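>>> Sharing a model that was predicted from the sequence below.
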Amino acid sequence: MSSSGKRREVVFIEGGRTPFLRSQSDFKKLSAFDLGREAISGLVGKTQLDGSDIDHVWYGNVIQDINTSNIAREASMAAGLPDHIPATTLSMACISSNVALTTAFDAIACGRINGAIAGGVEVMSDIPIRFRKPFRQKLLETQKYRKPTDWLKFFKGLRPSHLLPEIPSISEFSTGETMGRSCDKMCAKYEVSREEQDHFAERSHLLAAKATEEGFLNDEIFPVSLKNGDKLIREDNGIRGDTSKEKLAKLRPAFVKPHGTVTAGNASFLTDGASAGLVMEKEHALERGYRPKAILRAYSYVAQRPDDELLIGPAKAVPVVLDEMNLTMDEIDVFEFHEAFAGQMVTVLKALASDDFARNRLKREQKVGEIPEEKLNTLGGSLSIGHPFAATGMRLVTTAANRLIRENGRYALIAACAAGGQGHAMVIERFEE
């Protein structure tokens, strides 16, 4: 806390990201370290950041490389930040950079630090593939071998199957189900049709294509140079501006066959990318010559059982943060929600607008409220732009802050679901001097 005992105001100065690319495309030879460095150095360059104004770096990463297990530290040093700045790597699945940001928020608000960088990175083109446990244990045993004859017992107890590679599972550890299968079950439970999902996916891609063409997305992107400067990546490559409901309707179910409604076209895709944002105590920022874009006001985290409730977290997190701010849905000008699946988004929107859901699940007398389509994800979202797990949260906040300024709004609401049945929501307010 400050000397007066009051929480200090925390401002969002600037944020940005690398282009978000489909895995196994132009970023396939890069590591999380490479992209994290690009995002942080891009932020430093855009803000003309003085390293002495930063006290900590919090950075998200879900699928970690054992060689750079504290990616926050490695990427921040490689980006040119002073060596004396501590750095922490965080993981909370798809809301990892959200928790990085709110951790920085709390540290600044209570007076422990004055400034921080928060963000996240994911490179799905470079996931760690390892040997199965019996073979790993055998390899570890060799460290105790002292003579050549010790190796004679190496293959004892091993089977050919133990030599097969072990690829990280995309399923929930607690349920054994993939997120897509859980989304299918949730869509069936809340009566979300295939047509509704395809319509939402089409909307996301067309809006993102329009935003890219008009430069609104490019404004938030730090270009990445490849091949010793011979190639410069400036744009996301997963946006399908030529998509249509007719094309989407031809795709087969991806998870629950043959009657499922989640397809490759209405789900977010595996993505490589990184993000970074700068936050500071308000007076410190102004004294040092920075121009804030927004004030971080409040946030919430929730959790419920996975399975068919895996992705409904935003519907529970949103009312918590609105109540804390004493706001109604009608007072929100900008909505930026993570689009893990079109079905997940439609379900959350229906739940927020449902009196039955409010009474039975939220213990409220009436619905939280409806979100006007013209205020929601107007530049596209994760379905079209992409979803590098740990990087998405900062993308949402950056876009929300920029939209508040562009659209002359006051409040923005950010929300996201995450693996494990978790959810997050945050309210920011446009900064005015």
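On my side now, so go ahead. Numbering: from 1, shown residues only.

>>> okay, residue 48: pLDDT?
Per-residue confidence (pLDDT) for residue 48: 96.

>>> same thing with residue 2?
Turning to residue 2, the model gives it a pLDDT of 51.

>>> Residue 329 too?
Per-residue confidence (pLDDT) for residue 329: 98.

>>> so what's it up against?
When contacts are counted by Cβ atoms under 8 Å, 6 or more residues apart in numbering, residue 329 is found next to 322, 352, 368-371. All C-beta atoms are positioned from the backbone trio N, CA, C, and that covers glycine.

>>> Turn the buried ones among these into a named ChimeraX selection, would you?
The following ChimeraX command selects only the buried members of the contacts of residue 329, with burial defined by 16 or more other Cβ atoms under 10 Å:
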select :322,352,368,369,371
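
>>> Can you add pLDDT and secondary structure and give the contacts of residue 329 back as TSV?
Compiled in TSV, the contacts of residue 329 are given as follows (pLDDT from 0 to 100; DSSP: H, G, I helix; E, B strand; the rest coil):
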residue	pLDDT	secondary structure
322	98	helix
352	98	helix
368	98	coil
369	98	coil
370	98	coil
371	98	coil
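
>>> can you tell me which two in the contacts of residue 329 are farthest apart?
The two members of those with the most space between them (Cβ to Cβ) are 322 and 370, at 13.3 Å.

>>> next SSE after the helix with the most length in the chain?
Using DSSP state H to define each element, the chain has its longest helix at helix 194-213. The helix or strand immediately downstream of helix 194-213 is strand 224-226, counting by DSSP states H and E.

>>> Please state the offset of that next one from the chain centre?
Here the centre of mass of C-alpha atoms in strand 224-226, compared against the chain's by Cα atoms, centre = their mean, to the nearest Å, lies 22 Å away.

>>> what packs against that strand?
The criterion is 3 or more Cβ pairs under 8 Å, 6 or more residues apart in numbering; DSSP states H and E, and the helices and strands that strand 224-226 contacts are strand 231-233.

>>> quick one: the residue of the chain positioned farthest from its centre from residue 135, how far?
Of all residues in the chain, residue 149 has its C-alpha farthest from the mean position, at 51.2 Å, by Cα atoms, centre = their mean. Distance of residue 149 to residue 135, given as Cβ to Cβ, to the nearest Å: 21 Å.

>>> Please, where are all the helices along the stretch 1-150 of the chain?
Across the stretch 1-150 of the chain, reading from the start of the chain, the helices by DSSP state H, counting those that start in this stretch fall at 32-47, 71-78, 96-109, 133-141.

>>> List the buried residues for the first one?
Within helix 32-47, the residues that count as buried by 16+ other Cβ under 10 Å are 32-44, 46-47.

>>> quick one: which of those residues is nearest to residue 317?
For the buried residues of helix 32-47, the residue nearest residue 317 by Cβ to Cβ is residue 39; the value is 25.6 Å.

>>> Kindly state the beta-bridge partners for residue 336.
Judged by DSSP bridges, the bridge partners of residue 336 are residue 414.

>>> Pretty sure residue 352 sits against residue 372.
No - using Cβ atoms under 8 Å, residue 352 is not in contact with residue 372, being 12.0 Å away.

>>> need the strands for the stretch 201-350 of the chain, in chain order.
Shown for the stretch 201-350 of the chain, the strands assigned by DSSP state E, counting those that start in this stretch span residues 224-226, 231-233, 271-281, 294-303, 334-337.

>>> Which residues are in contact with residue 232?
Contact analysis of residue 232 by Cβ under 8 Å, 6+ apart lists 223-226.

>>> Let me know the average pLDDT across stretch 109-123.
Mean pLDDT, computed over stretch 109-123, is 98.

>>> buried ones in that stretch?
109, 111, 113-123.

>>> Show me which of those is closest to residue 364.
Nearest to residue 364 among these: residue 109, at 28.1 Å, using Cβ to Cβ.

>>> Does residue 412 lie in a helix or a strand, and which?
In the assignment (DSSP H and E), residue 412 maps to strand 411-418.

>>> residues near residue 18, how many?
Around residue 18 there are 28 other residues, counting by other Cβ atoms under 10 Å.

>>> Please tell me I have it right and it contacts residue 225.
No - with contacts counted by Cβ under 8 Å, residue 18 stays clear of residue 225, the gap being 10.9 Å.

>>> Between the two, which contacts overlap?
With Cβ under 8 Å, 6+ apart applied, the overlap between the contact sets of residue 18 and residue 225 consists of residue 233.

>>> Give me the angle between the strand holding residue 412 and strand 294-303.
30 degrees (axes from the mean of the first three to the mean of the last three Cα atoms, to 10 degrees).
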